[in-house]
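Engineer: need a 3D model of the following:
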Amino acid sequence: MKRATRSVWRLGAGIVGLACVLTAVGAVLGGPDEVPAAPAAAGAVAPGTAPGQRARTLQAHLKAQPKDAVAWASLGAAYVEEARVSGDPSRYPRAGEAFARSLRLRPEGNAEALAGRAALAAARHDFPAALRDADRALAVNPYSERGLAVRIDALVELGRYPAALEAARRADARRPGIPVFTRLAYVRELRGETEEAQRVLELARDSASTRSDIAYTATALGRLAWSQGDYDEALRQCGGALKAEPDNPEARECRARALAGKGELAPAIAEFEAVVARSPLPGRLVALGELYEASGRPELARRQYEVLGAWTGLARSGGVNPDLDTALAAADHGDRAEALRSARAEWQRRRTVHTEDALAWALHRAGRSEEALAHARAATATGFRDAAFLYHRGMIERAVGERAAARASLTRALALNPAFSPIGAREARRALDGPEAS
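Structural biologist: Sure, this is the predicted structure:
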């Protein structure tokens, strides 16, 4: 059999990208935080300013006023956002230094620095630390939008879904707004409540007033539509996002996935190439590589996977834990033993639907399908409607001889999102049509 589907096609394709938290964190880092009494020069940075320019403006301010604790916290937030947009984790150590400087200058009552440090921990995939700092920030300021949002992120990424839903409801009561709405929608999606997730996102979009918020919420709706196989709606929503922000990388990625879903590989590849040139995050690198494979260009695909390996090293040097990304990528494109090691390490740290799925697939690819089956079933137990999860479960069920269950899972995967992966969908159809399927 040819190599199985590249499971990381879906990386970063959740409603707000919480599987790849670099995207989710940005929703609450771009604008001014709610901590009062920011000095005029620090507060003069406009919310829509690009993170690189924001960082330069704050650096200039801090040369003149090096004891400005709020400005140091804002600089740390700008570095985290710059890393998110560029895909360059080398900004994270600078962010950590800025938050530490802010806390040294104002060790008590510094909710902005604590919430920013929580967002940095989430971006580095250190979710216990993110939760601790978010709680500390909220103890100082219970209405901190950043603290409330990162707390939801951390609970989701630790697999504590009932607590995450309660946190989202509490945040909605305290500080309703787009960062909270989109996180509430994602928690709903994880519970299989896709229609409710869409309703919440539509409310968020309708309440958006800035270009960045319009782009953010429309992209979230586009991603949700793509995950449910509605590629025309995904294109419509992401087109709306791009009208608001013409070069928004998340919206362009969404459009690329929708184009691929419709079988328009050439424009999808061109879109992904533009996005990857600007922001080479793991999910984008793998998606582009798989599109190259699907269009008969394996050498170009191989180069994308090599860049992914370089990104992993850069991420570790920036303090990021990339084990989930490594497990998914290596299971199909690299060292399967390394994939299993990474998946086990991540599963020990946190039990989420994503880590269950990654461990299941790594075990299966390592020839341990019997052991994989329980994890594949756990990944789909919450009701989360993800075609790749269903595909993995079906292939694992097929490997252990559960043919009826395999047929049901693979059929559900293709019915939900027929183009969830350019190669995986083809493998699913072959498995259903093959002589051993009956």
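Engineer: Three-state assignment for His125, please.
Structural biologist: Classification of His125 by DSSP: H, G, I helix; E, B strand; the rest coil places it in coil.
Engineer: what about Phe420, how many neighbours?
Structural biologist: Phe420 has 27 neighbours, counted by other CB atoms under 10 Å. Bear in mind the C-beta positions are built from the backbone N, C-alpha and C, glycine included.
Engineer: name all residues that make contact with the closest residue to it other than its chain neighbours.
Structural biologist: Counting by CB to CB, 6 or more residues apart in numbering, Phe420 lies nearest to Ala387, which is 3.6 Å off, once chain neighbours are set aside. By CB atoms under 8 Å, 6 or more residues apart in numbering, the contact list for Ala387 reads Arg10, Ser227, Gly229, Ala413, Leu414, Leu416, Asn417, Phe420.
Engineer: stretch 166-179: which residues count as buried?
Structural biologist: For stretch 166-179, burial by neighbour count (16 or more other CB atoms under 10 Å) applies to Ala167, Ala168, Arg170, Ala171, Asp172, Arg175, Gly177, Ile178, Pro179.
Engineer: to clarify, my last question referred to stretch 267-286.
Structural biologist: Within stretch 267-286, the residues scored as buried using 16+ other CB under 10 Å are 268-269, 271-273, 275-276, 279-286.
Engineer: all strands for the stretch 301-438 of the chain, in order.
Structural biologist: In the stretch 301-438 of the chain, no segments count as strands under DSSP state E, counting those that start in this stretch.
Engineer: before we move on, the earlier item: can I get the contacts of Ala387 in JSON lines with distance to Ala315 and pLDDT?
Structural biologist: Formatted as JSON lines, the contacts of Ala387 follow (distance: CB to CB, whole Å; pLDDT from 0 to 100):
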{"residue": "Arg10", "distance to Ala315": "19", "pLDDT": "46"}
{"residue": "Ser227", "distance to Ala315": "25", "pLDDT": "96"}
{"residue": "Gly229", "distance to Ala315": "31", "pLDDT": "97"}
{"residue": "Ala413", "distance to Ala315": "30", "pLDDT": "98"}
{"residue": "Leu414", "distance to Ala315": "33", "pLDDT": "97"}
{"residue": "Leu416", "distance to Ala315": "31", "pLDDT": "97"}
{"residue": "Asn417", "distance to Ala315": "28", "pLDDT": "97"}
{"residue": "Phe420", "distance to Ala315": "25", "pLDDT": "93"}
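Engineer: show me where the stretch 151-300 of the chain dips below the pLDDT cut-off.
Structural biologist: Applying pLDDT under 70 to the stretch 151-300 of the chain flags no residue at all.
Engineer: go again with 90.
Structural biologist: For the stretch 151-300 of the chain, the stretches with pLDDT under 90 are 278-283, 285-286.
Engineer: now do the strands in it.
Structural biologist: Using DSSP E, counting those that start in this stretch, no strands are found in the stretch 151-300 of the chain.
Engineer: so which residues of it form helices?
Structural biologist: 161-174, 178-190, 194-207, 211-227, 231-244, 249-261, 265-278, 282-294, 298-317 (DSSP state H, counting those that start in this stretch).
Engineer: select, out of those helices, the one closest to Gly434.
Structural biologist: Proximity to Gly434 (CB to CB) singles out helix 282-294 among the helices of the stretch 151-300 of the chain, at 20.1 Å.
Engineer: packing partners for that closest one?
Structural biologist: helix 249-261, helix 265-278, helix 298-317, helix 323-333 (3 or more CB pairs under 8 Å, 6 or more residues apart in numbering; DSSP states H and E).
Engineer: dump the helices of the stretch 151-300 of the chain into TSV; add distance to Ala345 as well.
Structural biologist: Compiled in TSV, the helices of the stretch 151-300 of the chain are given as follows (distance: least, CB to CB, whole Å):
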stretch	distance to Ala345
helix 161-174	22
helix 178-190	22
helix 194-207	30
helix 211-227	27
helix 231-244	34
helix 249-261	27
helix 265-278	27
helix 282-294	17
helix 298-317	13
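Engineer: now do the same contact list for Leu155.
Structural biologist: Leu131, Tyr161, Ala163, Ala164, Ala167.
Engineer: please name the nearest non-neighbouring residue to it.
Structural biologist: Ala164 is the one closest to Leu155 (CB to CB, 6+ apart), at 3.8 Å.
Engineer: report the contact partners of the one you found.
Structural biologist: Ala164 touches Ile152, Leu155, Val156, Val187, counting by CB under 8 Å, 6+ apart.
Engineer: now do 10 Å
Structural biologist: Ala164 is in contact with 18, 151-158, 183-184, 186-187, 190-191, counting by CB atoms under 10 Å, 6 or more residues apart in numbering.
Engineer: Ala378: which of the residues you listed is nearest?
Structural biologist: Leu190 (13.2 Å).
Engineer: burial measure for that closest one, as a count.
Structural biologist: Considering only other CB under 10 Å, Leu190 is surrounded by 25 other residues.
Engineer: again with Lys67
Structural biologist: With other CB under 10 Å as criterion, Lys67 counts 10.
Engineer: and if you look at Arg199?
Structural biologist: Counted with other CB under 10 Å, the neighbours of Arg199 add up to 13.
Engineer: next one: Glu81
Structural biologist: Counted with other CB under 10 Å, Glu81 comes out at 27.
Engineer: so what's the residue count around Ser209?
Structural biologist: 7.
Engineer: that one is in contact with Ile178, isn't it?
Structural biologist: Yes: with contact defined as CB atoms under 10 Å, Ser209 counts as touching Ile178 (9.4 Å).
Engineer: okay, the contacts of Leu155 in a markdown table with distance to Arg94 next?
Structural biologist: Shown next, in a markdown table, are the contacts of Leu155 (distance: CB to CB, whole Å):
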| residue | distance to Arg94 |
| --- | --- |
| Leu131 | 23 |
| Tyr161 | 33 |
| Ala163 | 32 |
| Ala164 | 30 |
| Ala167 | 29 |
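Engineer: tell me which two of the residues you listed sit farthest apart.
Structural biologist: The most distant members of the contacts of Leu155, if one measures by CB to CB, are Leu131 and Tyr161, lying 14.1 Å apart.
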